[in-house]
Each structure stands twice: as C-alpha cells, then as structure tokens.
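Asks: pasting the sequence and the predicted model now:
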Amino acid sequence: MSIEVKNVTKIYSNQKALDNVSFVVNPGEIVGFLGPNGAGKSTMMKIITCFIPQTEGQIKVCGFDVTEQPIDVKRHVGYLPEHNPLYLDMYVKEYLDFTAGVYKISNKKERIKEMIEMVGLTIEQNKKIGALSKGYRQRVGLAQAMIHNPDVLILDEPTTGLDPNQLEEIRNLIKQIGKEKTIMLSTHIMQEVDAICDRTIIINKGKIVADDLTKDLHNIKSNAIVLIVEFDKEVNKSQLEKIDGVLNVLNKTSNTWFLEITSDNIRNNIYQFAMQNELTVLTIQKETQSLESVFKNLTK
C-alpha cells in the first residue's frame with residue numbers, strides 16, 4: 001500500500017480538524033480527495049507529507065511511518081501545496097537545480113532536462129519563475145515535486161486559478177504521470193475528478209463520508225431511481241401515473257418524462273403501456289446523479 005491512514009485525529013486547540021479518519025491508497029491509483037472548505041483536506045495532506053504531526057493515529061507511506069521515519073517518507077513523496085511556494089527571482093533551471101541539490105540527486109543535469117521535457121517547460125526554461133504564467137508556475141511546482149522520482153505524489157488544488165486551456169494541459173499531465181505514480185489530489189472542480197480520478201474520497205467536518213470508485217459514486221445517496229423516457233407522441237401525465245411501479249411523474253419536454261420508480265425492473269410495464277396506447281418508446285435510460293450533486297448531498 002502506498003498510503004495507509006489509520007484512525008487519524010488532528011486537534012487544533014478546541015477544534016477537531018480530523019476525526020478518526022482511516023483510508024488506504026493503493027499503488028498506481030489516482031485518488032481524488034474532496035470536501036468543502038475547512039473539511040480537513042489540506043490538514044490530512046500536510047500530515048501525510050510530514051509537515052505537521054497528527055494528534056492521534058498512524059500514517060504510513062510506502063511502509064514508512066510519518067512520525068518515526070519522516071526522512072524516509074519525504075524521499076518517497078512529492079508534494080505540491082495549494083499555494084505553490086516558488087522562489088520567483090530564480091530561473092526555472094536554477095530553481096530545479098536547487099531542488100535537486102536538496103535531494104542530493106547525482107545526475108542533476110539529466111534529471112532537470114527530463115523534468116523540463118516531461119512537464120512541458122522547454123520554451124520557458126530560461127525565464128525567471130516570476131515572469132511565468134500561473135499555468136507554467138504550476139508546471140514548475142510539479143517538476144520540483146517529481147524531480148527526486150517519488151513513488152507518491154500529493155497535489156493540493158493543483159489546478160486552482162488556471163484557464164480552461166491550462167486546466168486541460170495540467171489534467172493530461174497528471175493522468176500521464178498517474179500511469180507510473182500513486183497520486184492523491186484535492187480539488188473543488190468536480191469535472192476534474194471525473195476526468196482524472198479512479199477513486200474518490202469525500203471528507204466533511206473531519207470525517208470520511210464516502211470512499212468509492214468515482215464511477216460508482218454517481219449512484220451513492222440517491223433518493224430515488226429515475227428513468228428518462230421519450231415517446232414519439234404527447235402523453236397524458238395521469239396515464240403515466242397509473243403504470244405499475246411508477247411513484248412520481250415529472251414532465252421534461254412535451255414528449256419526454258422523468259419517472260420516479262420503485263425498481264429498475266419496470267421497463268416492460270412502460271413498453272406495455274406504450275403498446276396499449278399506440279405509442280413508441282424512442283429512448284429510455286436511467287438517470288445518474290452528477291458528482292456535484294452527490295458531493296452536495298453528502299456535505300451540506
């Protein structure tokens with residue numbers, strides 16, 4: 001296991017930032033860590049990367065304990081904080097050379113060149129960091145997080161403040177990196193989670209409220225099973241309400257209806273209704289919740 005969190009609690013004065021949190025991130029996973037502001041996301045990431053200690057519990061990264069073996073943990077972890085702490089008066093290559101020196105990398109020149117090419121900094125490599133756009137600064141942050149070739153990457157809000165083009169570029173870069181690394185990232189952008197993350201953990205008020213495959217989270221905490229049905233002609237609402245197994249009916253367009261149903265096995269009843277009323281069912285599909293609506297249901 002790349003990251004193993006067991007019963008972790010973090011208390012600031014009288015406030016519990018984390019309350020008995022446990023989860024595991026396996027090698028090769030890209031895991032989205034979601035939650036509203038103040039939920040405990042950044043606190044957890046700072047504990048995993050040995051920047052602050054937990055009050056209770058245990059965390060291991062690549063088998064090393066964050067409390068007892070912090071240097072070993074840091075050798076295996078790359079960290080991009082929410083507020084990317086760069087030296088703006090340093091040149092890109094100069095900054096990466098400095099970072100490589102901190103990690104005592106022997107083949108610095110080759111590794112710096114490799115990182116610059118990997119994150120797409122080639123045309124900007126001779127500029128001062130302060131002269132770079134937000135997107136390129138994030139690339140520099142990713143390069144410094146990966147320069148020592150860590151097994152685990154912790155990315156806190158890696159796409160904050162980026163324009164749509166930069167967003168797509170950084171997303172693609174993270175997906176590419178995720179083929180070789182274990183990645184845990186926090187974000188408020190739900191489309192980003194859908195596009196990048198294999199699995200999603202949602203935290204609220206310091207507690208885990210959901211932990212599942214991202215594709216399966218769309219069905220979590222659903223209050224109803226809903227079918228979207230389109231007919232070839234207009235249909236009377238009162239007729240649809242009489243179909244066995246239909247609990248509620250809502251009109252979407254003149255011929256399209258939302259049907260709240262008791263189970264997903266009443267499609268035959270709908271087809272029989274259509275035949276009896278000389279209708280054709282053009283489409284019938286189950287509605288799934290957006291990740292955003294799931295997030296709201298779990299955290300509001």
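Replies: Thanks, I have it. All values derive from a computational prediction rather than experimental measurement.

Asks: name the helix or strand of this protein that has the lowest mean pLDDT.
Replies: Using mean pLDDT, DSSP states H and E, the weakest-scoring helix or strand in the chain turns out to be helix 291-299, at a mean of 80.

Asks: go through it and flag the buried ones.
Replies: Neighbour counts over helix 291-299 (16 or more other Cβ atoms under 10 Å) mark 291, 294-295, 298-299 as buried. C-betas here are computed from N, CA, C, even on glycine.

Asks: could I get the residues you listed as CSV with distance to residue 165?
Replies: Shown next, in CSV, are these (distance: Cβ to Cβ, whole Å):
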residue, distance to residue 165
291, 23
294, 28
295, 25
298, 31
299, 30
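
Asks: quick check, nearest of the residues you listed to residue 173?
Replies: Residue 173 has its nearest neighbour among the buried residues of helix 291-299 in residue 291, at 21.5 Å by Cβ to Cβ.

Asks: who touches the closest one in this structure?
Replies: Applying Cβ atoms under 8 Å, 6 or more residues apart in numbering, we find residue 291 in contact with 190, 193-194, 200, 214, 217-218.

Asks: let's see 7 Å
Replies: 190, 193-194, 217-218 (Cβ atoms under 7 Å, 6 or more residues apart in numbering).

Asks: what is the nearest of the residues you listed to residue 67?
Replies: Distances from residue 67 to the contacts of residue 291, taken by Cβ to Cβ, are shortest for residue 193, at 30.0 Å.

Asks: show me the strands in the stretch 1-150 of the chain, by range?
Replies: Along the stretch 1-150 of the chain, the segments classed as strands by DSSP state E, counting those that start in this stretch run 3-12, 15-25, 30-34, 56-61, 64-65, 77-80.

Asks: list the strands paired with the first one, with their directions.
Replies: It stands for strand 3-12. Using DSSP bridges, strand 3-12 pairs in its sheet with strand 15-25 (antiparallel), strand 56-61 (antiparallel).

Asks: what do you get for the fifth one?
Replies: Partners of strand 64-65 in the sheet, by DSSP bridges, are strand 56-61 (antiparallel).

Asks: tally of neighbours for residue 155?
Replies: 26 (other Cβ atoms under 10 Å).

Asks: can you pull out the low-pLDDT segments for the protein?
Replies: 219-224 (pLDDT under 70).

Asks: how is it partitioned into domains?
Replies: 3-217, 225-295 (automatic domain parsing).

Asks: all helices for the stretch 51-200 of the chain, in order.
Replies: 70-76, 92-102, 108-118, 134-146, 164-177, 190-196 (DSSP state H, counting those that start in this stretch).

Asks: which non-adjacent residue is nearest residue 247?
Replies: Counting by Cβ to Cβ, 6 or more residues apart in numbering, the nearest residue to residue 247 once its immediate chain neighbours are dropped is residue 260, at 4.6 Å.

Asks: just checking, the one you found touches residue 226?
Replies: Yes: Residue 260 lies in contact with residue 226 (Cβ atoms under 7 Å); the separation is 5.5 Å.

Asks: and those two? Which one has more around it.
Replies: Per other Cβ under 10 Å, whichever of residue 260 and residue 226 has more neighbours is residue 226, with 18 against 15.

Asks: number of nearby residues for the nearest residue to the more buried one once chain neighbours are set aside?
Replies: Spatially, and ignoring its direct neighbours in sequence, residue 226 is nearest to residue 287 (4.3 Å; Cβ to Cβ, 6+ apart). Close neighbours of residue 287, defined as other Cβ under 10 Å, add up to 14.
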